[in-house]
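*Asks:* have a look at this fold, sequence not included:
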């Protein structure tokens, strides 16, 4: 729980919900994070006979509906160059979610989950490289906390140094 709280604190520093740029739009990423965590927990409980492709499609339909609802009032048709980028990103998202869902179904959640949180510092890096959006000191500190929380979660769940039963017994 401490690592989760550390990661949440980092997310709050990155988003700065009480800062000068704060708006009610920040509710959407916060709600998205909650729903994503719930989805991760539920994915693990889905019976193995349900295909990963079905889970991926259901996830993407819900994401599309949520994104559509969140963008009401700001919709516009994509321009010719944007359509290709939208299609490419859709293919990449489908592939990424299929891999992520499969990892959650067959692997340890504690190992797979930190990779999702790495997207926040990665988004900051892309924003800096592509749009010259310089992160604030608070954002950098938040990113560091998120990365530390991910490392801490993986470190806490590593196999112990305990010897197997019967080894070293007199």
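*Replies:* Received, thanks. Since the structure is predicted, the reported quantities are computational estimates derived from the model, not experimental observations.
*Asks:* now the residue nearest to the spatial centre of the chain: which helix or strand?
*Replies:* Central residue check for the chain by Cα atoms, centre = their mean: the C-alpha nearest the mean position is that of residue 116, 3.3 Å away. With the criterion set as DSSP states H and E, the secondary-structure element containing residue 116 is helix 109-117.
*Asks:* next secondary structure element downstream of that helix?
*Replies:* For helix 109-117, the following helix or strand on the C-terminal side (DSSP H and E) is helix 119-131.
*Asks:* who touches that next one?
*Replies:* 10, 11, 14, 133, 134, 135, 139, 140, 142, 143, 146, 147 (Cβ atoms under 8 Å, 6 or more residues apart in numbering). C-beta: built from backbone N, CA, C; applies to glycine.
*Asks:* give me that answer again for 6 Å
*Replies:* Helix 119-131 is contacted by residues 14, 133, 135, 143, 146 when judged by Cβ atoms under 6 Å, 6 or more residues apart in numbering.
*Asks:* closest to residue 78 among the residues you listed?
*Replies:* Out of the contacts of helix 119-131, the one with the shortest distance to residue 78 is residue 133. That distance is 22.1 Å, counting by Cβ to Cβ.
*Asks:* tell me the phi and psi of that closest one?
*Replies:* phi -90, psi 110 (degrees, to the nearest 10).
*Asks:* whichever of the contacts of helix 119-131 end up buried, select them in ChimeraX.
*Replies:* The ChimeraX selection below is limited to those of these classed as buried (16 or more other Cβ atoms under 10 Å):
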select :14,135,143,146
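*Asks:* what two of the contacts of helix 119-131 are the furthest from one another?
*Replies:* Within the contacts of helix 119-131, 133 and 146 form the most distant pair, 17.7 Å apart (Cβ to Cβ).
*Asks:* so what's the model's average confidence on stretch 13-28?
*Replies:* Stretch 13-28 carries an average pLDDT of 74.
*Asks:* residue ranges for the helices of the protein, please.
*Replies:* If DSSP state H is used as the criterion, the helices of the chain fall at 2-15, 27-45, 52-70, 80-106, 109-117, 119-131, 137-156.
*Asks:* which of the ones you listed has the lowest average pLDDT?
*Replies:* Ranked on mean pLDDT, the bottom entry among the helices of the chain is helix 109-117, at a mean of 70.
*Asks:* quick check: buried residues in stretch 61-81?
*Replies:* Buried residues in stretch 61-81, counting neighbours by 16+ other Cβ under 10 Å, are found at residue 63.
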